[in-house]
Structures are given as structure tokens and as C-alpha cells.
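> Quick one: sequence plus predicted model below, questions after.
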Amino acid sequence: MCDKCSESLHHQSLHQDIAPSRRSAMLFGAAAFGMAFAGGAFANRALAKEAKQPPKPQNVLVPDAALKRLMAGNARYVEGVSRRHDFKHEREALAGGQNPFAAVLSCADSRIAPEYAFDSGRGDLFVCRVAGNFAGTETIASMEYAVAVLNAPLILVLGHDSCGAVDATLKAIKDNTSPPGHIPSLVDAIAPAAKAAMQQGGGDVLDKAIRQNVIDNVAKLKSAAPILNAAVEQGKIKVVGGIYRLTTGTVDLIQG
């Protein structure tokens, strides 16, 4: 083969090797640009979503202010001077979202209605209700949603006097019996507080068990990892307990 032919073949080989690399680089560059553009668009949408005005701006509160507002509402309820709520416009404002200023874990007792007890409007309270007001897995998950997604700054565990679920638990323990149906699941959840109250002795065991049940579930929510405990440590939320008094409607806050 002559030198000229050899040189020609050498250049052709180089061109074949280099061309795909150039095409790959061009394709990679285009893909990277597309990803960057898409990422930028996504970021812009996220920022726009964050900048969106909450449905109820008055509900954007720090934990202490949220608790103060909650208790002020209870005071109005007790005095019988509840505010008139404009439900029509609240529905319109809340159609696209919600930002409650407090989450409440309450007993399912028909005599307990947190929205009334705290003189609140629609979209103000995120309420979970279960007989015995205990924090099971689903309730903890719901409270995590209220805090992490809805930005609720306060959680209240609300027990009440003469609680039938707690009373049934005490009787089941004393008589060493098991209630019918699925009720034993309630008894199992409330039993630690009931047993602690029975061991204390003195005074009204039912009242002691009701109080201890609230204290236990406040502690359970405070320590629920990884969301609620982190929010508590960072000061983003406060978790408190209270007892609703059936005769007066007063909510007495209790210390753990």
C-alpha cells in the first residue's frame, strides 16, 4: 500500500472514531440542558406554590400564640358568647387547601366537640377522634400529616371526665374480663394508664386514669420519630394535654 493510501485510511479511521464522540457530547449537552430547564421550571412551580397565600392567613401562628387562641376560644364557649362564623366564605376560601392552627386528638364521646369547645371555624382545627383519645399508629400518622404538610404549630390531646372508654378499661382489669367485639383493642391501648392509676391508690381512680392517659399520649406524640419529635426539638410545634369538663365546658390544661 502506498503512503498516500495509508494516510487516507488513517484520517478516515480518526473521523469515524471522533464523530460518534462529538455526537454523544452534543446529545449529552442537549439532555443536560433539558434537565436543567425542567428542573428550573419545577423549582419555579415549587416557589410559586410556597409563595401562595394560605387559605386562612390568621392561622399562621407560633405554638404559644396558637395555644393562647385555642384557650381564648374555649373561654368564649364557656361563657356562651361564641362568635358568628361565616361558613359560606370559609367554604370558598378552603376549597383549595387548609392550614389549621391546631391539631386535636379527642375522645369520640358525642358530648365532646372540639370545634364547638374552642369556638373555631372551618379549617381551624385538624381533629382526630377515637374512644379513649389514645395515639395509635393511624393517629400518629395523621398528626404527622398535620404538622409536616399542613404546618399546624400545636397538638392538643383532649381527654374528658367520666370517660366511658377509660372506665371500661378499669373494669376489665379489675374483673379480669375481656369486652366483646373489637373493644379489647381500646382496652389494650388505655391499660397502661389505668394500671398506673390503680397502683397510685387514693382519690378517684377514674379521674387519675383519665389524667394519666392524657399525659401518656402527650409523651407518645412528643417522642414519635422521625417527624413529631424533630418538630418539638426544633420548637416548631408544642404538644399539650387537657381535660374537658362536661358540666362547665371548661378545658383544664395539665402538665405532664
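It's in. Numbers count the residues shown, from 1 in each chain.
> Going by C-alpha atoms from here, please, whenever you check contacts or count neighbours.
Will do.
> hey, where'd the strands end up in the stretch 51-200 of the chain?
Per DSSP state E, counting those that start in this stretch, the stretch 51-200 of the chain carries strands over the ranges 102-106, 125-129, 154-160.
> Pairing partners for the last one, with directions?
Each strand paired with strand 154-160, and its direction, by DSSP bridges: strand 102-106 (parallel), strand 238-244 (parallel).
> ok so, going back, want to throw the strands of the stretch 51-200 of the chain into a markdown table with mean neighbour count?
Output for those, formatted as a markdown table (neighbours: other CA atoms under 10 Å):
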| stretch | mean neighbour count |
| --- | --- |
| strand 102-106 | 26 |
| strand 125-129 | 22 |
| strand 154-160 | 27 |
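> Counting neighbours, what do you get for the nearest residue to residue 135 once chain neighbours are set aside?
Using CA to CA, 6 or more residues apart in numbering and skipping residues adjacent in sequence, the residue nearest residue 135 is residue 217, 6.0 Å away. Per other CA atoms under 10 Å, the neighbour tally for residue 217 reads 25.
> so what's residue 217 up against?
Neighbour list for residue 217: 134-135, 157 [criterion: CA atoms under 8 Å, 6 or more residues apart in numbering].
> got CSV for the strands of the stretch 51-200 of the chain, with mean pLDDT and distance to residue 65 too?
Shown next, in CSV, are the strands of the stretch 51-200 of the chain (pLDDT from 0 to 100; distance: least, CA to CA, whole Å):
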stretch, mean pLDDT, distance to residue 65
strand 102-106, 98, 10
strand 125-129, 98, 14
strand 154-160, 98, 9
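> Reformat those as a markdown table; add distance to residue 168.
Output for the strands of the stretch 51-200 of the chain, formatted as a markdown table (distance: least, CA to CA, whole Å):
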| stretch | distance to residue 168 |
| --- | --- |
| strand 102-106 | 17 |
| strand 125-129 | 18 |
| strand 154-160 | 14 |
